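J.: I'll drop the sequence and a predicted model, then ask my questions.
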Amino acid sequence: MGEILLKGVTKRFGDVEVIPPIDLAINDGEFVVFVGPSGCGKSTLLRLIAGLEDVSGGVVEIDGKDATATAPADRGLAMVFQSYALYPHMSVKKNIAFPLKMAKLPAAEIEAKVQAAAKVLNLTAYLDRKPGQLSGGQRQRVAIGRAIVRNPQAFLFDEPLSNLDAALRVNMRLEISELHHSLKTTMIYVTHDQVEAMTMADKIVVLQAGRIEQVGSPLELYRTPRNRFVAGFIGSPKMNFLEGPEAAKQGAHAIGIRPEHLRISTTEGMWPGTVGVSEHLGSDTFLHVTTDHGLINVRAGGEVGLHHGDRVFLSPDMGQLHRFDAQGGALK
């Protein structure tokens, strides 16, 4: 079991409330991602769940039991940090075994658990090496292995891929997703990278200034954002926003359209413009088009034959247009 409930959980530092009262249900076996810009409170919220920070108000329940005052070591949770926090003088095997040794488990049981974790993480061939002899991705797998052997009720990941290069980030993203499918254990994952959130999560929790803006599946947040903040944060490249007369025509303070929901033509369309910078990514090309409504980003095919300075026309798919009021809330 790995159900976690937050009931009115609040965090204050002195007179400053960094986490207003939050209610959140994380179901057993879910992969939940906390996402938002730097300073939005996602790591603080994770630390409140882990017990590494004391809550200022509210209740943290783990599997139906009040764990608000329970020590971190007794919550049945395992945390993986951005820094690997491995012991450099110990072998991979001893690093993974360390929490079991501290728990004074029998040597045979420790050996079995370490071997099982190493097999899952493809670390069997590296058990006798020191952390300094491993790549960044391998070291992060050792840190995850140290969490796995504890057989926790839930894994808590605090930006675990931030120290890796782009290629390793993609590989580790896949490995952690596969690990979730094989272990079927609750995982809570903190990131500022919305691509990680979209590709890994069963459920995304979007945070801003300590508040939960929206909770839902990746496609729910993409298709039906609750407000302009979520609409602009989820999706890559981000949604285009237009205000003024063009928005007023749609009965809104602002309208939003994603780059992939715009048609580009050299002969006709709703919004004339001029092609600026083009980003060629092979399968796709992102065109930055200057219009009377501002700079608009358009997703086109990789072989699009347009160049800097070309005159074009853009037409939005009206069925994919998002409307927002003056407070940023989505209009139906």
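T.: Good, I have the coordinates.
J.: Can you name the residues bridging to residue 286?
T.: According to DSSP bridges, the residues that bridge with residue 286 are residue 279, residue 299.
J.: what's the distance between residue 183 and residue 154?
T.: Look at residue 183 and residue 154: by Cβ to Cβ, to the nearest Å, they are 11 Å apart. To be clear about C-beta, it is placed using only N, CA and C from the backbone, and glycine gets the same treatment.
J.: which stretches of this structure have low pLDDT?
T.: Residue ranges of the chain with pLDDT under 70: 1.
J.: how does it divide into domains?
T.: Using automatic domain parsing, the domain parsing of the chain gives 4-230, 238-331.
J.: Same list, the ones you listed, but as CSV with mean neighbour count please.
T.: As requested, these are exported to CSV (neighbours: other Cβ atoms under 10 Å):
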stretch, mean neighbour count
domain 4-230, 18
domain 238-331, 16
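J.: State the next helix or strand along the chain beyond the helix or strand where residue 220 lies.
T.: Using DSSP states H and E, residue 220 maps to helix 218-223. Note on helix 218-223: by DSSP H and E, the next helix or strand toward the C-terminus is helix 228-233.
J.: who touches the helix or strand following that following helix?
T.: Note on helix 228-233: by DSSP H and E, the next helix or strand toward the C-terminus is strand 240-243. Contact with strand 240-243 is made by 228, 232, 253-259, 262, 293-294, 296-297, 324, as judged by Cβ atoms under 8 Å, 6 or more residues apart in numbering.
J.: just how off-centre is the helix or strand just after strand 240-243 within its chain?
T.: Per DSSP H and E, the first helix or strand lying C-terminal to strand 240-243 is helix 245-248. When distances are taken as Cα atoms, centre = their mean, to the nearest Å, helix 245-248 is centred 33 Å away from the chain's centroid.
J.: just stretch 165-180 next, same as before
T.: 13 Å.
J.: and it, C-alpha only, in PDB?
T.: Output of stretch 165-180 as PDB, limited to C-alpha atoms (Å, rounded to 0.1, in the frame of the first residue of the first chain):
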ATOM      1  CA  ASP A 165      23.200  15.800 -19.600                       C
ATOM      2  CA  ALA A 166      20.300  15.700 -22.100                       C
ATOM      3  CA  ALA A 167      20.800  12.200 -23.500                       C
ATOM      4  CA  LEU A 168      21.200  10.700 -20.000                       C
ATOM      5  CA  ARG A 169      18.100  12.500 -18.900                       C
ATOM      6  CA  VAL A 170      16.000  10.900 -21.600                       C
ATOM      7  CA  ASN A 171      17.500   7.400 -20.800                       C
ATOM      8  CA  MET A 172      16.900   7.800 -17.000                       C
ATOM      9  CA  ARG A 173      13.400   9.100 -17.700                       C
ATOM     10  CA  LEU A 174      12.600   5.800 -19.500                       C
ATOM     11  CA  GLU A 175      14.300   3.700 -16.800                       C
ATOM     12  CA  ILE A 176      12.400   5.300 -14.000                       C
ATOM     13  CA  SER A 177       9.100   4.800 -15.900                       C
ATOM     14  CA  GLU A 178       9.900   1.200 -16.500                       C
ATOM     15  CA  LEU A 179      10.900   0.800 -12.900                       C
ATOM     16  CA  HIS A 180       7.400   2.100 -11.900                       C
END
